[in-house]
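Chemist: Below are the sequence and a predicted model for it; my questions follow.
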Amino acid sequence: MESAADWHSAVALLDWQVDLGADEAIGDTPIDRFAVAEELAANPPAKAKAQAHLQPVERKEIDAVEVARHAAGAATSLDELRQALAGFDHCALKRGAKSLVFGDGNPAARVMILGEAPSREDDRAGQPFTDRTGALLDRMLAAICLNRGSEDPETAVYITNVLPWRPPQNRDPAPEEIAMMLPFLQKHVELVAPDFLVMMGNIACLAAVKKQGIMRLRGTWDEAFGIPALPMVHPTNINQPHAKRDAWKDLLSLRVRLNAKA
């Protein structure tokens with residue numbers, strides 16, 4: 001028969017183990033974990049032996065700009081370029097956009113207009129400059145006898161954007177997004193081959209001529225992708241009398257160039 005002293009000793013030992021953190025029984029017999037560790041070290045399982053011979057795999061990061069350069073370079077027509085853009089999955093903007101906004105107008109036009117990025121309305125329509133800003137742009141072009149719907153290259157325009165997908169909340173494009181799209185943009189300009197390029201806004205100037213500060217740049221001709229290029233204030237910012245006067249001067253400058261090279 002178990003004595004009271006043995007019972008109290010067992011309770012004391014149990015309290016001591018609880019104080020050490022042993023609060024759960026996991027087996028009927030004690031296990032010497034030190035001996036188990038030594039045994040595993042001396043005789044590792046077959047899976048561990050196999051893993052010991054495996055060399056670490058070096059993960060290579062994808063160069064999205066290089067992928068874009070290769071995809072754009074392979075395009076020989078605007079349709080192929082559109083397909084290449086549609087198949088480019090390395091720009092996160094694509095996952096949040098409803099449409100790929102590629103271009104609008106006559107690809108044979110002498111004038112190519114470069115905007116920044118699609119608006120909400122452009123994203124829904126799948127075409128650039130379809131909102132009130134687009135309506136203003138159409139009126140501006142009509143003032144110098146240009147029309148994006150014209151079939152005559154002399155009076156037509158062709159329009160595209162730096163980015164083909166709308167950034168969330170119409171935020172400015174990030175530098176890495178511009179870098180990814182630049183090979184496609186350069187190929188786009190090459191395939192259209194206009195006589196003149198009009199860069200609407202800071203983002204267009206940054207992408208095409210690596211310059212910013214549209215109020216300083218506007219009105220002075222530059223060169224982008226080997227083509228005479230005119231920086232202009234984006235139509236969304238033409239809301240003051242002085243801005244309208246500046247836009248009119250720039251349009252007249254474009255008209256003069258068109259007439260001189262007719």
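Modeler: That came through, no problem.
Chemist: Check which helices and strands the helix or strand encompassing Arg257 is in contact with.
Modeler: Arg257 belongs to helix 241-260 when assigned by DSSP states H and E. For helix 241-260, the elements it packs on are helix 132-142, strand 196-200, strand 227-232, judged by 3 or more Cβ pairs under 8 Å, 6 or more residues apart in numbering; DSSP states H and E. Glycine gets a C-beta too; all of them are placed from N, C-alpha and C.
Chemist: Buried residues, stretch 134-144. List them.
Modeler: Residues of stretch 134-144 classed as buried by neighbour count (16 or more other Cβ atoms under 10 Å): 134, 136-138, 140-141, 144.
Chemist: For that stretch, which outside residues touch it?
Modeler: Applying Cβ atoms under 8 Å, 6 or more residues apart in numbering, the contact partners of stretch 134-144 are 113, 121-122, 128-129, 147-148, 157, 200, 235, 238, 247-248, 251-252, 254-255, 258.
Chemist: List buried residues within these.
Modeler: Buried among these (16+ other Cβ under 10 Å): 113, 122, 128-129, 147-148, 157, 200, 235, 238, 247, 251, 254, 258.
Chemist: pLDDT check: weakest of those?
Modeler: Ranked by pLDDT, the buried ones among the contacts of stretch 134-144 bottom out at Ile238, which scores 87.
Chemist: Count the neighbours of Val101 for me.
Modeler: The burial count assigned to Val101 is 28, neighbours taken as other Cβ atoms under 10 Å.
Chemist: quick one, phi psi at the residue nearest to it when sequence neighbours are not counted?
Modeler: Distances taken as Cβ to Cβ, 6 or more residues apart in numbering place Pro118 nearest to Val101, at 4.1 Å, with adjacent residues excluded. Phi and psi for Pro118, reported as degrees, to the nearest 10, are phi -60, psi 150.
Chemist: State the pLDDT value of Pro118.
Modeler: At Pro118, the model reports a pLDDT of 96.
Chemist: Could you report the neighbour count for it?
Modeler: 29.
Chemist: List the contacts of it.
Modeler: 97, 99, 101, 128, 161, 163-166.
Chemist: if we can go back for a sec, what is the orientation angle of the helix holding Arg257 with strand 196-200?
Modeler: 170 degrees (axes from the mean of the first three to the mean of the last three Cα atoms, to 10 degrees).
Chemist: and helix 241-260 with helix 132-142, angle?
Modeler: Using the same axes, to 10 degrees, helix 241-260 lies at 50 degrees relative to helix 132-142.
Chemist: now the angle from helix 241-260 to strand 227-232?
Modeler: Going by the same axes, to 10 degrees, helix 241-260 makes 160 degrees with strand 227-232.
Chemist: Can I get helix 241-260 in PDB, CA atoms only?
Modeler: Provided in PDB are the C-alpha atoms of helix 241-260 (Å, rounded to 0.1, in the frame of the first residue of the first chain):
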ATOM      1  CA  PRO A 241      -6.800  82.200 -70.300                       C
ATOM      2  CA  HIS A 242      -2.900  82.300 -70.400                       C
ATOM      3  CA  ALA A 243      -2.800  78.500 -70.800                       C
ATOM      4  CA  LYS A 244      -5.300  78.700 -73.700                       C
ATOM      5  CA  ARG A 245      -3.200  81.400 -75.400                       C
ATOM      6  CA  ASP A 246       0.000  79.300 -75.000                       C
ATOM      7  CA  ALA A 247      -1.800  76.200 -76.400                       C
ATOM      8  CA  TRP A 248      -3.000  78.300 -79.400                       C
ATOM      9  CA  LYS A 249       0.600  79.500 -80.000                       C
ATOM     10  CA  ASP A 250       1.800  75.900 -79.900                       C
ATOM     11  CA  LEU A 251      -0.900  74.700 -82.300                       C
ATOM     12  CA  LEU A 252       0.000  77.500 -84.700                       C
ATOM     13  CA  SER A 253       3.700  76.400 -84.500                       C
ATOM     14  CA  LEU A 254       2.600  72.900 -85.500                       C
ATOM     15  CA  ARG A 255       0.600  74.200 -88.400                       C
ATOM     16  CA  VAL A 256       3.500  76.200 -89.600                       C
ATOM     17  CA  ARG A 257       5.700  73.100 -89.600                       C
ATOM     18  CA  LEU A 258       3.100  71.100 -91.400                       C
ATOM     19  CA  ASN A 259       2.700  73.800 -94.100                       C
ATOM     20  CA  ALA A 260       6.500  74.100 -94.500                       C
END
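Chemist: Since that was my last question, I'll sign off now.
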